[in-house]
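In: next come a sequence and a model predicted from it.
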Amino acid sequence: MKKIIMFLIPAIALLGGCKKKEVKPSESEPEVSVGIAACDSVVLHRTYPGYIYAEEKADVVGLVNGKLLSQNYTEGSYVRKGQVLFTIDSSTYRDAVARAQAEVNSATSQLEYASKNYEAMKMAFKSDAVSEMEVVQALNSKNSAQAALASARASLNTAKTNLSHCTVVAPISGHISASILSPGNYVAGEGSPVVLASIYNDSEMKVKFDIEDSRFLSMNIGGGRDAGKLYSSIPLIFDEPTEQPYSADLFYTSPFVDSSTGTVTLEGHVKNDKKELKDGMYVKIDLPYGVDPKAVVINDASIDTNQAGSYVYLVNDSNRVVMTPVEVGELYQDTLRIIKKGLKPGDRYVNKALLKVRAGQKVKIANK
């Protein structure tokens, strides 16, 4: 009998060790932070691709023939309107000016002679010393001499203009590009102007982009008393961070719709005080297109995605987690996201530690 009792005691101890440990309710309910879906009036935006251009751009061209003698600027530097940039061999054009000046002098002498002769013929005609025909011939000679002088002066002006083109000056002020031709090369600019460099006046830039014609009509750009308020200070987004934020003020809309793309071209002014923006830069324009007076917004970090799309974890009245699909809109104030479908104002959602919860789980509200 004693042996039987000793055998039962270890068995009872073993059974006691297999008994499940009770889990306290507080340990099975993770504590989570929740947010409240808010209703707010927000300005809606849509992002469009565009490019930055210099407000003013001009090519520096060679208009005469001759060897390029000098380049008088540093590439990439700021040049002022009228500053000498290049010199081209002018010997041919100096000779042309001298010949034209000689022709003007000769034509001037001929006109003086013809004028005096005509006056003499008129006096002689009064005394019947010459015929009327001789007077008419003298007048014709004078008129021909006047025309010859006018032609000679025009040729001289052309020669002087060509000579002036041998000194190439900046047509506008701005930053100048590298020279296409280096000194020693031949410039053949008489037949067709030869581009030597380009100048960009980048003190103020403009942004250019296209929007759908349907969007353009709905936005009423350029019309209505309040249109200017909505379409000034439009945010610009660059792929790489810039030293300061940039925005544009719309000033131009194309007078026609591009039938091949169904879009309208818009342009805006952009200040470039620090000369950070360059001609041809790619940019995204965060264009406002309307207002939603009752938009539902939540913390953007509380949204997760799977193969079915975006979703959030709602917390119902029983403090149980409900996985809820949502249709998201645009980002608002950097950290909030507009919800188009799936939520209503006042809904509670998990906004931190999403990996701690699962659908159907009961939770404790940390910030209740």
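Out: Structure's in. What do you need?
In: next one: the residue nearest the centre of the chain from residue 288, what distance?
Out: Nearest to the mean C-alpha position of the chain, by CA atoms, centre = their mean, lies residue 52 at 2.1 Å. To residue 288, residue 52 is 20 Å away according to CB to CB, to the nearest Å. Using the backbone N, CA and C atoms, a C-beta is placed for each residue, glycine as well.
In: so which residues of the stretch 101-250 of the chain form strands?
Out: When secondary structure is read from DSSP state E, counting those that start in this stretch, the stretch 101-250 of the chain shows strands at 167-169, 174-176, 186-188, 194-212, 234-237, 247-253.
In: nearest to residue 47, of these?
Out: For the strands of the stretch 101-250 of the chain, the distance to residue 47 is smallest for strand 234-237, at 7.0 Å, taking CB to CB.
In: starting at the chain centroid, how far to the closest one?
Out: Its chain's average C-alpha position is 10 Å from that of strand 234-237, according to CA atoms, centre = their mean, to the nearest Å.
In: stretch 256-272 too?
Out: Centre-to-centre, stretch 256-272 and its host chain are 11 Å apart (CA atoms, centre = their mean).
In: with stretch 152-168 instead?
Out: Counting by CA atoms, centre = their mean, stretch 152-168 comes out at 40 Å from the chain centroid.
In: averaged pLDDT, that stretch. What do you get?
Out: Mean per-residue pLDDT for stretch 152-168: 96.
In: next, the buried residues of it.
Out: 152, 153, 155, 156, 159, 162, 163, 165, 166, 168 (16 or more other CB atoms under 10 Å).
In: what residues does it touch?
Out: 60-64, 66, 84-90, 93-94, 96-97, 99-101, 103-104, 106-107, 189, 196 (CB atoms under 8 Å, 6 or more residues apart in numbering).
In: can you say which helix or strand has the residue nearest to the centre of the chain in it?
Out: strand 38-62 (DSSP states H and E).
In: helices and strands around that strand, which ones?
Out: strand 84-88, strand 167-169, strand 174-176, strand 194-212, strand 282-299, strand 327-332 (3 or more CB pairs under 8 Å, 6 or more residues apart in numbering; DSSP states H and E).
In: tell me the most buried of these?
Out: Of all the helices and strands packed on strand 38-62, strand 174-176 has the most neighbours on average by mean count of other CB atoms under 10 Å, namely a mean of 22.
In: so how far is residue 267 from the residue nearest to residue 261 when sequence neighbours are not counted?
Out: Among residues not flanking residue 261 along the chain, residue 210 sits closest, at 6.8 Å (CB to CB, 6 or more residues apart in numbering). Using CB to CB, residue 210 is found at 10 Å from residue 267.
In: likewise for residue 302?
Out: Counting by CB to CB - residue 302 and residue 267 are separated by 39 Å.
In: how about residue 152?
Out: From residue 152 across to residue 267, the span is 49 Å (CB to CB).
In: pretty sure residue 349 sits against residue 313.
Out: Yes: the criterion here is CB atoms under 8 Å, and residue 349 meets it with residue 313 at 6.3 Å.
In: burial count for residue 145?
Out: 21 (other CB atoms under 10 Å).
In: circling back: could I get the pLDDT score of the residue nearest to residue 261?
Out: 94.
In: Provide a list of residues in contact with it.
Out: Shown in contact with residue 210 (CB under 8 Å, 6+ apart): 48, 50, 258, 261, 263, 264, 265, 266.
In: at 10 Å what do you get?
Out: 48, 49, 50, 216, 254, 258, 261, 262, 263, 264, 265, 266 (CB atoms under 10 Å, 6 or more residues apart in numbering).
In: do residue 336 as well
Out: Neighbouring residues of residue 336 by CB under 10 Å, 6+ apart: 35, 38, 40, 42, 295, 297, 298, 299, 300, 301, 330.
In: and those as a markdown table, adding distance to residue 114?
Out: Below are the contacts of residue 336 laid out as a markdown table (distance: CB to CB, whole Å):
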| residue | distance to residue 114 |
| --- | --- |
| 35 | 100 |
| 38 | 96 |
| 40 | 91 |
| 42 | 86 |
| 295 | 89 |
| 297 | 92 |
| 298 | 96 |
| 299 | 96 |
| 300 | 91 |
| 301 | 96 |
| 330 | 84 |
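In: quick check: which element contains residue 261?
Out: Counting by DSSP H and E, residue 261 is part of no helix or strand.
In: any buried residues in the following helix or strand past the strand holding residue 52, and which?
Out: Using DSSP H and E, the helix or strand that follows strand 38-62 towards the C-terminus is strand 65-71. For strand 65-71, the neighbour count (16+ other CB under 10 Å) marks 65, 66, 68, 71 as buried.
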